Each structure stands twice: as C-alpha cells, then as structure tokens.
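Novice: need the 3D shape of this:
(chains A, B, C and D)
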Protein chains: 2
Amino acid sequence: MEYIKQQPKTKRGEETLRKICEAAEQLFAEKGYYATEVADITRRAGISSGTFYIYFPDKLSSFRYLMDELGHELRKEIRAAKEELPSNSMIELEALGMRKFFRFVSEHIGLFAIVWQSQFVDPESFKKYYERFSSGYINEIQEAQKRGEIRPLNPAYLSYCLMGIYNFVALKSLVFDGKEPSDEELEQILSFIRRGLLEKP
Amino acid sequence: MEYIKQQPKTKRGEETLRKICEAAEQLFAEKGYYATEVADITRRAGISSGTFYIYFPDKLSSFRYLMDELGHELRKEIRAAKEELPSNSMIELEALGMRKFFRFVSEHIGLFAIVWQSQFVDPESFKKYYERFSSGYINEIQEAQKRGEIRPLNPAYLSYCLMGIYNFVALKSLVFDGKEPSDEELEQILSFIRRGLLEKP
DNA sequence: ATGAAACATGAATCAATATTCATGTTTGAG
DNA sequence: CTCAAACATGAATATTGATTCATGTTTCAT
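Specialist: Sure thing, here's the model as predicted:
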C-alpha cells in the first residue's frame, strides 16, 4: 500500500495497525476527519501517540488508506456475491448488489462517512472512488443493453443514478434513522429501478 | 437570521456582508470549510480580518448562514417555477424542478459543496436541509398517489431516490466533468424516473 | 453641518494539535 | 540464548490560524 509507512513485520505490529485502523474508522465516522485528533485515534486504540507515526507518515495518509481499503472490500464483496449467482440478468444482479451494499455499509458506517468527506479532505481519491464504481456499472449496463434487456439510456449517467439512489437511501435509513431498510422497503426501491431500467417491465 | 451578529445598517455594511458571503461561498466550494481560513475569506473579500467578526460571531456561523440562505433560495426558485406551470401533473412539475435544480447548482456550485460538507461541519443543519426537501416531496408524491398518477411506493424513500439521482448526476456532470448535462441527457434521466414513478408509463 | 452610531483596521494574543525524537522495551530468526 | 531489527513511549516542539481589541474612519439622521 502506498499510504502506509511500514508494513508490520511481527504479530504485535499487525495487531497495532489493526487497532489504529479500527479506531480511525470509528472516529472519522463519528466526528469527521478534521475534528478527529491523532491523539483521539491513539487513545481509542490504546497506544501512545508516537506509535501512530510508525505506521503512517501523517494523518491524511491514514484517511486515504482507509478509504482505499474499505472501497476495495466493498467491491470485492459485491463481486463475490454476484459471481455466485447463476443468472446473469442485470436486474437480478443489481438486486443482489444492492442488498450487499446496504449490509456492508451498515456494518461499516465509517466507509460512508469517509467517502462523503473525502471530497474536501482529498478530492483526488473522492473522484477515483466513484469513477471506479461507475466504470464497473457501465460494463454491466452495456452488456445488458446489447442483450436488449435494458433500455438504451446513457450508461454513465445511469450508473450515477443508481449510485445516487443507493447512497441517498442509505443516508436516510442508516444515518438519519439509524436502521437498515426493511426487505419490503428495499423491494420497493428495486421496483422503482426495475421499471426505470428494463426494456419491457 | 440567527447566525449573524449584526444586520448591516448602512449601504456600506450591506455591501461588505455581501462581499464576505460571496468570498466564503467560493472558498468553501474550492477548498472546503476546514481548509478555508478566515483570512482567505477576508483577503478575497478585500477587507481586513477583523471586519469578518463585525458580521459573524465566528467562522462556523458564516457556514450555517450560507447553507440556510442558499437552501432557501433554491427552494424558492423551484417553488416559483412550479407555480407558473398550469398543469399539476407530478411528472411535469418534476421535470421543471429538475431543470431548475441543475441551473441553480451550476450557478451556485458553492451550495453543493457546502451541503455535502455540512454532514461533518454541522450535522444538525445537514439533516435539516435534506429533511426539509424531503418533506416537500412527500406532499407532492402523496397528492399524486391519491390521484392515481404515480405508484403506491413509500413516499419518504421515493423522495430520497429522487434527491439521490439529482445529487449524483450533478456530482458527475458539474463537479467531475465541469459541465451542465445536455438537454438530451436530462431527458434520459427524466425518462428513467418517469417509468419508475408512473402508474401507467 | 455634526456627532453618535456604524463600520474598518491589523498587529497581538492564545489555544489547539500535528509531528518529532531521544530513550526504552519486545520480538523472533539463527 | 542473543542481539539486531521492530516496535512503543510521551514529553517537547513548532506551526497554524481563529479571535480580540485599542484605535481610527465613515455614514447619515437630525
């Protein structure tokens, strides 16, 4: 990883890095990047402040590292889930991806917070994050369009429509209301998307 | 306004406050709240740093003030546009509101940036901002549902779907690509929404 | 025209906090 | 078992940047 100073070489080191990341993820989510002091992170991790700098060259790097890690994990989980599905109907894949997304975000509310903030903490990473997601979508959408499954709308914009829906629904349910959307609610959102997307609903 | 220390009482004062707000809006959008120093704002406004504190008790208040102002203006413009429309079909209103939204945001890219950041600068205002928008939508949606115009999906979630779409499409076009979406593109997005929403597309 | 209120100045203050570093302890390969 | 590399400590440093305030200038109602 490029944002990390030193890959731990012992069990103890690994454990310490893990504790730092866990604390940082929580704190960035709770208080935001700027309001979180390095001292907060090390306090919650149960280590001294200097130790932070053994692993990260500075505070910003830890933020970038987390963003990379979490985004990676999320994409991996979604990809894995989709590969298990025998069907390759875009809408079925999408339903699965959506469920995974909500599950992951509710378990890692830090990801959500971190990405949201990154537009100003580190604009480069922010753009990269969404464009990476978008380009995955674009492929799927184009394939499905070739098969005549979904309507011939601009794939790039469609991908942002989908991401927008998921992100804002997650905002409402997980952040504002503090609960996961029910299956019933997810089904309704999916139904909205299905009709919008499909050639013959 | 509750975030302002002193309403200007002379022409000069008014002009100064205006310059401060303009500079702050630009800078919060360009560099973000935390990276913007009060000195940056006063420098761009062409005044001395102490003057800032004649109008605002502190930096955070200026942020809240802008967020309130801009959100208010945006809602007012959308409302005004919608009132001019004779039809009260939800979809036609929505098409108009969407166009207004993109126009406003492209002229006030600061609003977008400010709201996006507020989740961590001032979470209270953040939630208030979106819930205010949402509740306006909920009314419209419920009316349209009574008329049988749109499908009986959960109005609160639908409102967040719509806001998500607009926000993310604006993110892609205005922030990432630096250009307004074309009429053709807006039409496609609207078509996606129309099919998702309408009882009989 | 005039003076009290409004407005403007910018150097000085002061608190907050990211980062360093000299010193000590622990780990694990050989 | 041993010791070099890894890891940990936390007080001290250094910088940054919000806010204050004593002093001056401008406005405008009368």
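Novice: where does pLDDT dip in chain A?
Specialist: A:1, A:200-201 (pLDDT under 70).
Novice: what residues does it put near DNA strand D?
Specialist: A:6, A:8-10, A:12-13, A:15-16, A:47-51, A:53-54 (CB under 7 Å from any atom of the strand). C-beta here means a position set from N, CA and C on the backbone, and glycine is covered the same way.
Novice: apply 6 Å and report the result again.
Specialist: Counting by CB under 6 Å from any atom of the strand, the residues of chain A close to DNA strand D are A:6, A:8-10, A:12-13, A:16, A:47-51, A:54.
Novice: helix or strand for the closest residue to DNA strand D within chain A, which one?
Specialist: Closest residue of chain A to DNA strand D, CB to the nearest atom of the strand: A:Gly50 (1.6 Å). Assigned by DSSP states H and E, A:Gly50 belongs to helix A:49-55.
Novice: ok so, going back, which one of the residues of chain A next to DNA strand D is nearest to chain B?
Specialist: Comparing the residues of chain A next to DNA strand D against chain B with CB to the nearest CB places A:Ser49 closest, at 21.0 Å.
Novice: what about that closest one, how many neighbours?
Specialist: Neighbour count for A:Ser49, taken as other CB atoms under 10 Å in any protein chain shown: 13.
Novice: correct me if wrong: it contacts A:Val38.
Specialist: Yes. In this structure, A:Ser49 is within contact of A:Val38 by CB atoms under 8 Å, at 6.1 Å.
Novice: what's the neighbour count on the residue of chain A closest to DNA strand D?
Specialist: Counted with other CB under 10 Å, A:Gly50 comes out at 9.
Novice: re the thing from before, and the residues of chain A next to DNA strand D, which are buried?
Specialist: Those of the residues of chain A next to DNA strand D that meet the buried threshold are A:16, A:47, by 16 or more other CB atoms under 10 Å in any protein chain shown.
Novice: show the contacting residues for A:Lys69.
Specialist: Careful, residue A:69 is Glu; it's not Lys. The contact partners of A:Glu69, by CB atoms under 8 Å, 6 or more residues apart in numbering or on different chains, come to A:Cys21.
Novice: 10 Å - rerun?
Specialist: Contacts for A:Glu69 (CB atoms under 10 Å, 6 or more residues apart in numbering or on different chains) come out as A:1, A:3, A:21, A:25, A:111, A:114.
Novice: ok, now A:Glu94?
Specialist: If you count contacts by CB under 10 Å, 6+ apart, A:Glu94 has them with A:82, A:137, A:140-141, A:144, A:150, A:162, A:190, A:193-194, A:197.
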